[in-house]
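Undergrad: show me the folded form of this:
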Amino acid sequence: MTHPRSLPPELDRAGFLVRDATAAGVGANRLRRGDLLRPTHGVRTTDPSLPLVRAVGLVLRPDQHVSHTSALAVWGAPLPRRAVGEPVHVSTFGTGPLMRRRGVTGHRHRAPVDTMVRDGVRVSAPAQAWRESVGLLTVHQAVAVADHFVRPGGLLTVDDLVTAIRPGSHGNAAAREVLGLVRVGADSAMETWLRLAVVEAGFPEPQLQVEVSDARDVFLARVDMAWPEHRIALEYDGAHHRERAAFEHDQRRDNGLAVNDWLVIHATRADASRPAVLFERLRQAFVVRRDARRVA
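TA: Numbers count the residues shown, from 1 in each chain. Sure thing, here's the model as predicted:
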């Protein structure tokens, strides 16, 4: 069995166009060898893990770009699994033909939109991608994406998202509904879910990333969300909290909060599917504070 002939060095093994390979002298038989995969028509790769969106990015015309949730995925936004991978959303500006190929959904923009190049792929700019995707996501999912972008150190501001809502565009009402729920301070999509869930359950809206100090103004902790006037904190414990160092840090921090009369409620991913117990613990915390005020 003969080994496939080496490819010219100018071809990127992670993904290259068939026409570029042909121009570099690679014959049709070589392009059919088993070491080369075909993620989409006109593209070859030696990497079986190459995302389809990267392959599609190689065949975009000048009037096309990756858009909607596919662009959000390229920007690293938190998305549900069903929104990652296929289909790849590709938008065409103007009157040119939509991209029609397996695993691709085509869209059209009549007016120019903001695009950027990210990891070698021309994509909708972050605010534009969020606006395009509102109709493809639930309200909570769209809020989580927006919270991710506007968090401290994030790519956008809330004003950037407001600007992305263009007068007369379809779906503006849904986008404005989402914007009304966006807050700066969530570190993860699950923290966004937690904030929205407790408000929908009837609790007052919490403050985010609250710094707590003791009576001597010595810093104790920064908590995910809190009701400072009640000295109640709500923490989301992701998987990293199970690591020994994180666990020990949490214990020391919670001890400091407890001796300074703070009630700390912890939530985990399991509470997303069955939040009733979490809500009951939170309700009990508010009852304790209410009763304490009555006694005082």
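
Undergrad: please enumerate the strands of this protein.
TA: Using DSSP state E, the strands assigned to the chain run over residues 16-17, 43-44, 64-66, 88-93, 104-109, 115-118, 121-124, 207-213, 219-227, 232-236, 263-267.

Undergrad: so residue 210 versus residue 222, what's the distance?
TA: Taking C-beta to C-beta, to the nearest Å as the measure, residue 210 and residue 222 are separated by 7 Å. For every residue, glycine as well, the C-beta is placed using N, CA and C.

Undergrad: of these two, which one has the most company?
TA: Neighbours per residue (other C-beta atoms under 10 Å) separate residue 210 from residue 222, with residue 210 holding more: 17 against 12.

Undergrad: and the closest residue to residue 257 other than its chain neighbours, how many residues sit next to it?
TA: Closest residue to residue 257 in three dimensions, ignoring its sequence neighbours and counting by C-beta to C-beta, 6 or more residues apart in numbering: residue 264, at 5.5 Å. Number of residues near residue 264 (other C-beta under 10 Å) recorded here: 19.

Undergrad: so what's residue 264 up against?
TA: The neighbourhood of residue 264, defined by C-beta atoms under 8 Å, 6 or more residues apart in numbering, consists of 223, 233-235, 254, 257-258.

Undergrad: which one of the residues you listed is nearest to residue 206?
TA: For those, the minimum distance to residue 206 (C-beta to C-beta) is 6.2 Å, reached by residue 234.

Undergrad: correct me, but the closest one touches residue 206?
TA: Yes. The criterion here is C-beta atoms under 8 Å, and residue 234 meets it with residue 206 at 6.2 Å.

Undergrad: spit out the residues that contact those two alike.
TA: With C-beta under 8 Å, 6+ apart as the test, residue 234 and residue 206 both reach 198, 225-226.

Undergrad: give me the buried subset of those.
TA: Using 16 or more other C-beta atoms under 10 Å as the burial test, these include 198, 225-226 as buried.

Undergrad: wait, which of the residues you listed is closest to residue 215?
TA: The nearest member of those to residue 215, counting by C-beta to C-beta, is residue 226 at 17.1 Å.

Undergrad: state which helix of this structure is the longest.
TA: Ranked by residue count and defined by DSSP state H, the top helix of the chain is helix 276-295.

Undergrad: nearest spatial neighbour of residue 35, skipping sequence neighbours?
TA: Distance criterion C-beta to C-beta, 6+ apart; nearest residue to residue 35, sequence neighbours excluded, is residue 4 at 5.1 Å.

Undergrad: for stretch 255-268, measure first residue to last.
TA: The first and final residues of stretch 255-268 sit 20 Å from each other (C-alpha to C-alpha, to the nearest Å).

Undergrad: hang on, the earlier thing: bridging residues for the residue nearest to residue 257?
TA: Counting by DSSP bridges, residue 264 forms beta bridges with residue 233.

Undergrad: make JSON lines out of the buried ones among the shared contacts of residue 234 and residue 206 and add pLDDT and distance to residue 137.
TA: JSON lines is the format used below for those (pLDDT from 0 to 100; distance: C-beta to C-beta, whole Å):
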{"residue": "198", "pLDDT": "97", "distance to residue 137": "21"}
{"residue": "225", "pLDDT": "97", "distance to residue 137": "23"}
{"residue": "226", "pLDDT": "98", "distance to residue 137": "28"}
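
Undergrad: now render the residues you listed as a markdown table, adding distance to residue 71.
TA: Rendered in a markdown table, the data for these read as follows (distance: C-beta to C-beta, whole Å):
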| residue | distance to residue 71 |
| --- | --- |
| 198 | 31 |
| 225 | 30 |
| 226 | 34 |
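
Undergrad: and which of the residues you listed is nearest residue 48?
TA: When these are compared for distance to residue 48 (C-beta to C-beta), residue 225 comes out closest, at 41.8 Å.
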